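Undergrad: predicted structure and sequence below. I'll ask about it afterward.
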Amino acid sequence: MNWKALNNNKWFRIGSNIYLLVSVVFIVWMLFFDTNSWWFTHRELNGEIEKLELQKEHLEKEIARDKRSLNALKDPKELEKYAREAYYYKKENEEIFIIEYEDSLNTNQND
């Protein structure tokens, strides 16, 4: 095939159009190779979505646990038990002994 016959070919004229070639290179560059590319951005956003879904599940479990705790604290006996354990409250004429185990104490000789 000679140059004149090749130049008259419809697909060769379309493929050799400089505007089309530059546009195709630009689109490929923007989709795959650029810092803000479609490929990179979507992969990063999908990872963030997965992380947020896991965080949402964790927080829903925490909310359910806190609701159970609040419902339990509506009972006066449970409220008294919680106050005694968490804040060391006591009744009048009552003594409290706090027992600490050796493994829970700071036993560094250097401190």
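TA: That came in fine, so what should we check first?
Undergrad: can you list the weak-confidence ranges in the protein?
TA: For the chain, the stretches with pLDDT under 70 are 1-15, 104-111.
Undergrad: need the longest helix for it.
TA: Secondary structure of the chain per DSSP state H: the longest helix is helix 38-72.
Undergrad: angle of the helix or strand harbouring residue 19 against helix 38-72?
TA: Using DSSP states H and E, residue 19 maps to helix 18-28. Interaxial angle of helix 18-28 relative to helix 38-72 (axes from the mean of the first three to the mean of the last three Cα atoms, to 10 degrees): 30 degrees.
Undergrad: now helix 18-28 - C-alpha only, CSV.
TA: C-alpha atoms of helix 18-28 as CSV (Å, rounded to 0.1, in the frame of the first residue of the first chain):
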residue,chain,number,x,y,z
ILE,A,18,-3.6,15.4,16.0
TYR,A,19,-6.5,16.6,18.0
LEU,A,20,-7.9,13.1,18.5
LEU,A,21,-4.4,11.8,19.4
VAL,A,22,-3.9,14.5,22.0
SER,A,23,-7.4,14.1,23.4
VAL,A,24,-6.9,10.3,23.8
VAL,A,25,-3.5,10.7,25.5
PHE,A,26,-5.0,13.4,27.8
ILE,A,27,-8.0,11.2,28.8
VAL,A,28,-5.8,8.1,29.4
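Undergrad: for that helix, what is the distance to the chain centroid?
TA: Its chain's C-alpha centre and that of helix 18-28 lie 37 Å apart, by Cα atoms, centre = their mean, to the nearest Å.
Undergrad: and if you look at stretch 61-71?
TA: Remark: stretch 61-71 is offset 22 Å from the chain centroid, using Cα atoms, centre = their mean.
Undergrad: same thing with stretch 89-101?
TA: For stretch 89-101, the separation from the chain centroid amounts to 43 Å (computed by Cα atoms, centre = their mean).
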